[in-house]
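Visitor: task: produce atomic coordinates for the following.
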Amino acid sequence: MAAERPSASPLVPVLGFTGLSSFAAGTATLSIFFVTEKPPYSFTAVQQYALALVVGVTYTLGALGAGRVRRACSSRGVPARAFLALLSLALAALACLPLALRTDAAVFVLLGVYAPLTGLFWPLVEGYVSGGRRGAELRSAMGRFNVTWSVTLLPSFLCIPPLLRQSAGAVFAAVALTHLVSLAFLFALGREPGAHEDEAHAVPPRYGELLRVHRVLHAMSYLVMYALSPFLPALLARLGLEGGAASLFAALWLAARVLGFLLLERWHGWHGRWSVAVVGALLVLGGFGAVLLAPGLGAHALIVVAAALCLFGFGLAALYTAALYYAFEVGGSDGGAAHEALVGLGYSIGPSCGLAVCALERAGTIQAEQRDGVLLAGITVLCCLGALYAWRHRRAPSAAA
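Guide: Numbers count the residues shown, from 1 in each chain. A predicted model of the protein is given here:
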């Protein structure tokens, strides 16, 4: 008699685990640039971009290997729930490293190991969200997942200033403690994610094309995000914002992304439409460009940055939601790992562009005042080439979607 296939896990504990884990991981990999900009680290622009590059490359490697690692653990009798618990414990332990070693190198080592573990972590969490769900149930679950993880990134930005007033170590202690608390939600999850009925699930033929295009645009959006994130604290400082004011202002794009996720979770008229790809890409690139160029606008600079960050956040929400939805509708159980690998690709290319521009400045090829414009031009060219490639290769080699 065939073994019973696992059913979908209850969504509320999955989202509880997601929220706490997202807060911890967001603090460690995204809000971290507001920590390393200040003493005792005081990272330069080059160091900030280098740290972001470490996160991107190692995260990509982790996400690409997620399927193989999970299958290897499964073959040795380690259930998915236990694997998530082990990963959470490992992430908590790693967050304590800068408490023991108060050096710049400790931060690089922390994220060089932490990031690939999250690359293994998130595809499995997404498997618990999507497993055993299809159609309207899947759309609702993925929408709530997006809202949950994005909402919890807001306090990860806002808690940085009060924690830094204690010490930089307080930030890392908060990350470790949050990972430990998240374990309480795992008891309500199944030993394995719900089964994906890939072979019995039919989708419109256009969904295959939409998936291929949105995967590229999704990677592009993270490229832009991680070209901006390491640079944003310094840019806001140039505009006179420091500490809590800078963190609050930087969180505008996170808040806008949450609103975008809420809208797309409630309204499903975007399914199957190309407008999400076009509008999302324009908002991301336009918002990024406006942020970079705003310091030259004098008294109106902060207003322009605020509006641009909001547009940027809406664009990120549109491209992320569409990419993840089509990944699971078409890609089934393999969708999460591919989705997260593309996140890592953007993580890697974005700071690489920043490092390249810093290298040109140090070599005397460009002046300091030209750096922002050159970065914008380079990112724009890469994004346009990526969009063109995605459109020209939107159709699969065979007739199958």
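
Visitor: can you pull out the helices in the stretch 1-150 of the chain?
Guide: For the stretch 1-150 of the chain, the helices defined by DSSP state H, counting those that start in this stretch occupy 11-29, 32-36, 45-64, 66-75, 80-95, 97-100, 104-130, 135-151.

Visitor: okay if I get those helices as a markdown table plus distance to L311?
Guide: Just so you know, the C-beta spots here come from the backbone N, C-alpha and C atoms, and that holds for glycine as well. Formatted as a markdown table, these follow (distance: least, C-beta to C-beta, whole Å):
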| stretch | distance to L311 |
| --- | --- |
| helix 11-29 | 21 |
| helix 32-36 | 21 |
| helix 45-64 | 22 |
| helix 66-75 | 32 |
| helix 80-95 | 33 |
| helix 97-100 | 35 |
| helix 104-130 | 26 |
| helix 135-151 | 16 |
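
Visitor: with adjacent residues omitted, what lies nearest to L264?
Guide: Once flanking residues are discounted, L264 sits nearest to T321: 4.6 Å by C-beta to C-beta, 6 or more residues apart in numbering.

Visitor: give me every residue that touches the one you found.
Guide: T321 makes contact with M142, G143, N146, G260, F261, L264, E265, V276 under the criterion C-beta atoms under 8 Å, 6 or more residues apart in numbering.

Visitor: dihedrals phi and psi, S7?
Guide: As for S7, its main-chain torsions (degrees, to the nearest 10) stand at phi -90, psi 170.

Visitor: do I have it right that it meets G190?
Guide: Yes: taking C-beta atoms under 8 Å as the definition, S7 is a contact partner of G190 at 7.1 Å.

Visitor: looking only at neighbour counts, state which of these two leads.
Guide: G190 (18 against 13; other C-beta atoms under 10 Å).

Visitor: need the three-state assignment for the residue nearest to N146 when sequence neighbours are not counted.
Guide: Spatially, and ignoring its direct neighbours in sequence, N146 is nearest to F261 (4.2 Å; C-beta to C-beta, 6+ apart). Assigned state for F261: helix (three-state reduction, DSSP: H, G, I helix; E, B strand; the rest coil).

Visitor: distance of F261 from E209?
Guide: For F261, the distance to E209 (C-beta to C-beta, to the nearest Å) stands at 24 Å.

Visitor: that older thread, quick one: closest of the helices of the stretch 1-150 of the chain to F231.
Guide: The stretch from these with the least distance to F231 (C-beta to C-beta) is helix 45-64; that distance is 6.9 Å.

Visitor: if you count contacts, what does the closest one end up packed against?
Guide: helix 32-36, helix 104-130, helix 206-228, helix 232-238, helix 335-362 (3 or more C-beta pairs under 8 Å, 6 or more residues apart in numbering; DSSP states H and E).

Visitor: could these be laid out in TSV, adding distance to L89 and mean neighbour count?
Guide: Shown next, in TSV, are those (distance: least, C-beta to C-beta, whole Å; neighbours: other C-beta atoms under 10 Å):
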stretch	distance to L89	mean neighbour count
helix 32-36	21	23
helix 104-130	10	22
helix 206-228	27	24
helix 232-238	31	17
helix 335-362	21	22
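
Visitor: between those, which one is nearest to G77?
Guide: Proximity to G77 (C-beta to C-beta) singles out helix 104-130 among the helices and strands packed on helix 45-64, at 16.4 Å.

Visitor: ok and the helix or strand of the chain with the lowest mean pLDDT relative to helix 104-130, angle-wise?
Guide: Within the chain, no helix or strand scores below helix 335-362, which has a mean of 77 by mean pLDDT, DSSP states H and E. Comparing the axes of helix 335-362 and helix 104-130 via axes from the mean of the first three to the mean of the last three C-alpha atoms, to 10 degrees yields an angle of 150 degrees.

Visitor: now the angle from helix 335-362 to helix 45-64?
Guide: Using the same axes, to 10 degrees: helix 335-362 against helix 45-64 is 160 degrees.

Visitor: which strands or helices does the helix or strand following helix 335-362 pack on?
Guide: Remark: after helix 335-362, the chain's next helix or strand is helix 371-392, criterion DSSP states H and E. Applying 3+ C-beta pairs under 8 Å, 6+ apart, one finds that helix 371-392 contacts helix 206-228, helix 275-293, helix 335-362.

Visitor: in the second one, what counts as buried?
Guide: In terms of neighbour count (16 or more other C-beta atoms under 10 Å), helix 275-293 has its buried residues at 276-277, 279-281, 283-285, 287-293.

Visitor: and the contacts of it?
Guide: 210, 213-214, 217, 220-221, 224-225, 227-228, 232, 235, 253, 270, 304-305, 307-316, 318-319, 321-322, 372-373, 375-376, 379-380, 383, 387.

Visitor: now that helix - C-alpha only, PDB.
Guide: Presented in PDB, the C-alpha positions along helix 275-293 are these (Å, rounded to 0.1, in the frame of the first residue of the first chain):
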ATOM      1  CA  SER A 275       1.600  44.900 -17.500                       C
ATOM      2  CA  VAL A 276       3.100  43.700 -14.100                       C
ATOM      3  CA  ALA A 277       6.400  43.100 -15.800                       C
ATOM      4  CA  VAL A 278       6.500  46.500 -17.600                       C
ATOM      5  CA  VAL A 279       5.200  48.700 -14.800                       C
ATOM      6  CA  GLY A 280       7.200  46.800 -12.100                       C
ATOM      7  CA  ALA A 281      10.500  47.200 -14.000                       C
ATOM      8  CA  LEU A 282       9.900  50.900 -14.800                       C
ATOM      9  CA  LEU A 283       9.100  51.600 -11.100                       C
ATOM     10  CA  VAL A 284      12.200  49.800  -9.800                       C
ATOM     11  CA  LEU A 285      14.600  51.400 -12.300                       C
ATOM     12  CA  GLY A 286      13.000  54.800 -12.200                       C
ATOM     13  CA  GLY A 287      12.900  54.900  -8.400                       C
ATOM     14  CA  PHE A 288      16.500  53.900  -8.200                       C
ATOM     15  CA  GLY A 289      17.600  56.600 -10.600                       C
ATOM     16  CA  ALA A 290      15.600  59.300  -8.800                       C
ATOM     17  CA  VAL A 291      17.200  58.400  -5.500                       C
ATOM     18  CA  LEU A 292      20.700  58.600  -6.900                       C
ATOM     19  CA  LEU A 293      20.100  61.900  -8.700                       C
END
